[in-house]
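In: Need coordinates for the following:
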Amino acid sequence: MELLKDLDWRGITYQQTDAEGLEKQLEKESISIYCGIDPTADSMHIGHLLPFLTLRRFQNAGHRPLVLVGGATGLIGDPSGKSEERKLQTVEAIQGNVASIKVQLESIFDFEGENGAVMVNNYDWIGSMDVVTFLRDFGKNVGINYMLAKDTISSRLESGISFTEFTYTILQAMDFNHLYDHYNCKLQIGGSDQWGNITTGLEMIRKTHEEETKAFGFTIPLVTKADGTKFGKTESGAIWLDPKKTSPYEFYQFWINTADADVVKYLKYFTFLSHEEIDALAQSVESEPHLRKAQKALGEEMTKMIHGEEALAQAIRISAALFSGDIKSLSADEILEGFKDVPTVEASASDEIGLVDLLVDAKISPSKRQAREDVGNGAIYINGERTTDLHHVMGAEDKIENKFTIIRRGKKKYFRIQYV
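Out: Presented below is the predicted three-dimensional model:
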């Protein structure tokens, strides 16, 4: 299968329950495949992307993706990778998160056509189930010793695990079983930490069906950085898919700042560029790293996928303006994105104020003497343009859309004047 060979080439294949059986199944028919996420936050972050992008590769190869948002399992909490209990959230909070995450998943999958993706929510089949049905029909099929052997559970025995989180693996097994019955789902994809939950699902399918079953599990590797730091984290926190949490410009900047040691791996993991295109970019990293062609391609592909062409164009425009110093070419909205984290000082739009006084009032320079010295030495830039006029009065031409002025002191210290 070209698909499975491609996944191997990209380094996406980590564990499979039956590699030979899956290959034969994919050759024989188009199947339904699922990957899920628990909506414990109101947005996905980039650490969630690789399993879903892998599912999209299966869709591109003619199979049908089932995109599961865990409205029920999100209320319980997956112990995988956690050293302590999760804080339980309300039904209302989880339902709100479900709605937000569904919108983000729609940017990744094609929901039209013969193998169009299907969005499912496990609250639909678990939410109203009574405890007796749960225990008799499902709990009876999973042994305690079997569950204790799972790393996600055994690793928590010393620190403690509630019965609630102890049963999580059964709930996820019920998902696989339900999708097997109602959608002919024969493969679950997940991160490497989901191996125990996936195999419990296969056990549930085997126990609840008399006929011979053909279902499979596939996990992908944990995404790592060459320097040992955690992928998807910056000084300001996680890189979210929600543009209100992480702006498209910040999202784009994260990817184009990828280290040379990581960029080819990330191109293989996250983009749908061909082998030939990635090989050419890998060669560029070796022979002309200063051009950063691979990083630019990675940033463009990811930003376009998650935020669209218009947001990508804006991110590139902001990046180019900041690089060239042509800040006057930016709109007020672009100023907000590009200078989101710089010190901000409010000023009256109607007041006329001299540059030297503004530098002191905004605490850009510590004193009038230092402010005059900064201006006279050419250390002060207004919207990217150097000014050495000690008598300069801030006018309309200095105020972008009458909302902002960007002052730079020296090479890297930026300040945003916001007019009210």
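
In: For stretch 12-31, list every residue counted as buried.
Out: Neighbour counts over stretch 12-31 (16 or more other Cβ atoms under 10 Å) mark 12-13, 15-17, 22-23, 25-26, 31 as buried. In short, each C-beta sits where N, CA and C put it, glycine included.

In: chain center to it: distance?
Out: Centroid separation for stretch 12-31 versus its chain: 27 Å, with Cα atoms, centre = their mean, to the nearest Å.

In: Stretch 260-271 now?
Out: Relative to the chain's own centre, stretch 260-271 is displaced by 15 Å; criterion: Cα atoms, centre = their mean.

In: Over to stretch 314-324?
Out: 22 Å.

In: what would the buried residues of stretch 12-31 look like in a markdown table with pLDDT and secondary structure?
Out: A markdown table is the format used below for the buried residues of stretch 12-31 (pLDDT from 0 to 100; DSSP: H, G, I helix; E, B strand; the rest coil):
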| residue | pLDDT | secondary structure |
| --- | --- | --- |
| I12 | 97 | coil |
| T13 | 96 | coil |
| Q15 | 96 | strand |
| Q16 | 96 | strand |
| T17 | 96 | coil |
| L22 | 95 | helix |
| E23 | 94 | helix |
| Q25 | 94 | helix |
| L26 | 94 | helix |
| I31 | 95 | coil |
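
In: a markdown table for the residues you listed, including distance to D110?
Out: Shown next, in a markdown table, are the buried residues of stretch 12-31 (distance: Cβ to Cβ, whole Å):
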| residue | distance to D110 |
| --- | --- |
| I12 | 20 |
| T13 | 23 |
| Q15 | 27 |
| Q16 | 25 |
| T17 | 27 |
| L22 | 23 |
| E23 | 24 |
| Q25 | 22 |
| L26 | 19 |
| I31 | 17 |
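
In: And the helices in the stretch 151-300 of the chain?
Out: 151-154, 163-166, 168-183, 195-208, 248-256, 260-270, 275-287, 293-307 (DSSP state H, counting those that start in this stretch).

In: Could you give me the buried positions within the fourth one?
Out: Across helix 195-208, burial judged by 16+ other Cβ under 10 Å covers 195-205, 208.

In: between the residues you listed, which is nearest N402?
Out: N197 (55.2 Å; Cβ to Cβ).

In: Without its sequence neighbours, what residue ends up closest to D227?
Out: A259 (6.9 Å; Cβ to Cβ, 6 or more residues apart in numbering).

In: Kindly report the same for I94.
Out: G74 (4.7 Å).

In: hang on, that neighbour is in a helix, isn't it?
Out: Yes. Under DSSP: H, G, I helix; E, B strand; the rest coil, G74 falls within a helix.

In: and it, what does it touch?
Out: G74 makes contact with 38-40, 89, 94, 97-98, according to Cβ atoms under 8 Å, 6 or more residues apart in numbering.

In: Contact partners for D326?
Out: 320, 384.

In: Just the pLDDT for L358.
Out: We have a pLDDT of 92 for L358.

In: Mind listing what's buried along whichever strand or helix holds it?
Out: Taking DSSP states H and E as the criterion, L358 maps to helix 355-361. For helix 355-361, a neighbour-count test (16+ other Cβ under 10 Å) marks 355-356, 358-360 as buried.

In: Kindly report the same for stretch 308-316.
Out: Buried, per 16+ other Cβ under 10 Å, within stretch 308-316: 311-312, 314-316.

In: Show me those residues that map onto helices.
Out: The helices, defined by DSSP state H, take in 311-312, 314-316 from the buried residues of stretch 308-316.

In: Among those, which one sits closest to N60?
Out: L312 (21.0 Å).

In: so the closest one touches Y249, yeah?
Out: No. Using Cβ atoms under 8 Å, L312 is not in contact with Y249; the gap is 9.9 Å.

In: Could you tell me how far the closest residue to L53 other than its chain neighbours is located from T405?
Out: Once flanking residues are discounted, L53 sits nearest to F270: 6.0 Å by Cβ to Cβ, 6+ apart. Distance, F270 to T405, by Cβ to Cβ, to the nearest Å: 38 Å.

In: The two: which is more packed in?
Out: Per other Cβ atoms under 10 Å, whichever of F270 and T405 has more neighbours is T405, with 22 against 19.

In: List the residues that contact that one.
Out: Contacts of T405 by Cβ under 8 Å, 6+ apart are 382-383, 394, 398-399, 416-417, 419.

In: my guess is it is in a helix, correct?
Out: No. Under three-state DSSP, T405 falls outside any helix and is assigned strand.

In: follow-up on the earlier one: what is the nearest of the buried residues of stretch 12-31 to F254?
Out: Using Cβ to Cβ, I12 comes nearest to F254 of the buried residues of stretch 12-31, at 20.6 Å.

In: hey, what's the closest residue to the closest one other than its chain neighbours bridged with?
Out: With Cβ to Cβ, 6+ apart as the criterion, I12 has its nearest non-adjacent residue at 5.2 Å, and that residue is I220. Counting by DSSP bridges, I220 is bridged to G191.

In: just the helices in the stretch 301-420 of the chain please.
Out: Counting by DSSP H, counting those that start in this stretch, the helices of the stretch 301-420 of the chain are 309-324, 332-338, 355-361, 368-376.

In: export those to TSV and tack on distance to G116?
Out: Output for the helices of the stretch 301-420 of the chain, formatted as TSV (distance: least, Cβ to Cβ, whole Å):
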stretch	distance to G116
helix 309-324	22
helix 332-338	33
helix 355-361	57
helix 368-376	60
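
In: I'm done for today, thanks for sticking with me.
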